[in-house]
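Student: fold the stuff below for me.
(chains A, B and C)
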Amino acid sequence: MRTLLFLLCAFTSSAFGQLAWDNPEQTFNSKPQDESVVAKYRFTNKGNETIKIENVATSCGCTTTALAKKEYAPGESGEIEAKFTFAGRTGRQEKAITVTTSPASQQPTVLRLNVNIEEPIKIQPQFVFWRVGEQPDPKTIHIAVADDSPAKIASVESDNPGVKVQLTELKPGKEYEVQVTPASVSQPGAATLLIRTDYPHDNPQTKYAYVRINK
Amino acid sequence: MEEQKVISTSRRTRWPDLVRLGFVLVRVTLGALFVLAGATKAYDPGAFAIEIQRYQLVPWILAALISVYLPWLEMLSGALLLLKRFERGALLLTTLLLVIFTLALASAMFRGLSIDCGCFGKAFTATGTTVPLLRNLLLLLFTGVLWMESR
Amino acid sequence: MRALRQALLIFLAALVPAGLTAAFHPRRPAWSEDTLLPGEEKLQTVLAWGSGVLWIDARSSKEYEAEHVPGAILLNLEDWEQLFPRFLDQWHPEEKVVVYCSSTACELSHEVAERLKANGISPVYVLKGGWEAWKNRK
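Tutor: A predicted model of the protein is given here:
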């Protein structure tokens, strides 16, 4: 009986082998010029058995991970490097990385990578439309320039003379309003609005918004 | 002929000590693993139900029912493996459960089911179904050993 | 057989905690046929809508070029600035926009759907199960 109890203890304690994580949730603030962020998740095997990392799964293809090796002896440390490529995303991004190990394979660890991607110039909405026959009331597009961005909106123009635009500066250099007015909505049409900035000075960026008149 | 007495004592004394130790080790390992596996699934049946659904073998309602029932069956069978009163029934159940799990895993493997999302092809992906499959086969071997002990 | 009788008892005994779990466990599964997250639709439902559907593929251009839902337009996050106007050329307010990416676990379809909605496109749905669901349809 005593041997049975001893064996029971030995097996159950080893089955609780665990990795202790230094920093399982990491948050970054990224600048507009950045295209990706790399987070390093360090861990140590605090159990008394070798732990093998079975799988590192990400919730999307935008986050890739790298791991030097899969097995870690008791006391050994390692790190998972996760790279999140922004690929056109902006605003607050929260990505999860799920790590499954054996033993304790039923309790995966979820690491979190949070990034606040600053949008230097935010155009909201990027698209306005009218239905043929509806009232051609003006619609407004808001433009917000991030605090630490040196850019200013220089001008807004429409590539279609049938769609008129008027730029108003609400807060100097930071908040703008573009009023879009179609000359007539009796026919389907389209326009691209060119929002010209003054930054970078040698090659100023142009952002776009779109207009459609649909049947 | 003292049939019953002879049979019951000779069954227990036929094995050498080392083999008997082996049987105990196997029994305890199997029991503990089942209790552990069941416990972690009982902790989050919702997540378990989603896991079952990934194998695409049963409709959702069955997956949900299995997710609330199976963990308890696992824990009970694993624990009762260690109690003489129910050890035979427990062994029958643990063997049955292992067979079902192994078949489910093999089925997923053959159908090439990506139990992960297909969208992180470039990320670090590991074994997926192979290791659990091999582990189950080992555990089936364990049950085989215990069946042998009961003969 | 004794083993069978014992097994049956264990089988029945497990029903008690199982029932309690089903009724009270904070993490119990939803009972209704896979609850759809807001904005999601099953492939079955979308196919029943017939022709007024505009399919959007939110995956990479490589995956799109390999194969995609017939008639689907590519619109992903990384090439948004080039692809969005092209989408607008094809979009019509009466159409139901359905976005998909690789599978249930993939988030891209939700992200693209949100971005479309922020720009006034409506209605926008996400295909539950993604490309995988389409490929496995009977």
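
Student: check the secondary structure at residue A:52 for me.
Tutor: strand (DSSP: H, G, I helix; E, B strand; the rest coil).

Student: and it, what does it touch?
Tutor: By CB atoms under 8 Å, 6 or more residues apart in numbering or on different chains, the contact list for residue A:52 reads A:70-72, A:101-102. Using the backbone N, CA and C atoms, a C-beta is placed for each residue, glycine as well.

Student: so what's it bridging to?
Tutor: For residue A:52, the beta-bridge partners are residue A:71, residue A:102 (DSSP bridges).

Student: so which strand or helix has the most centrally placed residue in chain A?
Tutor: Compute the mean C-alpha point of chain A, and by CA atoms, centre = their mean the closest residue is residue A:93, 3.7 Å away. Secondary structure from DSSP states H and E places residue A:93 in strand A:91-102.

Student: quick one: contacts of that strand?
Tutor: In contact with strand A:91-102 (CB under 8 Å, 6+ apart) are residues A:17, A:19, A:41, A:51-60, A:62-63, A:65, A:80, A:82, A:84, A:86, A:108-117, A:119, B:131, B:135.

Student: of those, grab the buried ones for ChimeraX.
Tutor: In ChimeraX, selecting the buried portion of the contacts of strand A:91-102, with burial taken from 16 or more other CB atoms under 10 Å in any protein chain shown, looks like this:
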select /A:17,19,41,51,52,53,54,55,56,57,58,59,60,62,63,65,80,82,84,86,108,109,111,112,113,114,115,117 /B:131,135
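
Student: so which of the contacts of strand A:91-102 sit within strands?
Tutor: Among the contacts of strand A:91-102, the ones falling in strands (DSSP state E) are A:19, A:41, A:51-58, A:63, A:65, A:80, A:82, A:84, A:109-117.

Student: and the closest residue to residue C:133 other than its chain neighbours, how close does it get to residue C:31?
Tutor: Nearest residue to residue C:133, sequence neighbours excluded (CB to CB, 6 or more residues apart in numbering or on different chains): residue C:43, at 4.7 Å. Distance, residue C:43 to residue C:31, using CB to CB, to the nearest Å: 21 Å.

Student: cool, and residue A:144?
Tutor: Going from residue A:144 to residue C:31 by CB to CB gives 45 Å.

Student: again, but for residue A:212
Tutor: Between residue A:212 and residue C:31 the computed distance is 44 Å (CB to CB).

Student: who's more crowded, the two?
Tutor: Comparing residue A:212 with residue C:31 by other CB atoms under 10 Å in any protein chain shown, the one with more neighbours is residue A:212, at 21 against 12.

Student: that one bridge partners, please.
Tutor: Taking DSSP bridges as the rule, residue A:212 bridges to residue A:129, residue A:190.

Student: what about the residue in chain B positioned nearest to chain C, neighbour count?
Tutor: Among all residues of chain B, residue B:89 sits closest to chain C, at 2.3 Å; criterion: CB to the nearest CB. Applying other CB under 10 Å, we find 24 residues neighbouring residue B:89.

Student: now residue C:28
Tutor: The local packing of residue C:28 (other CB under 10 Å) involves 17 other residues.
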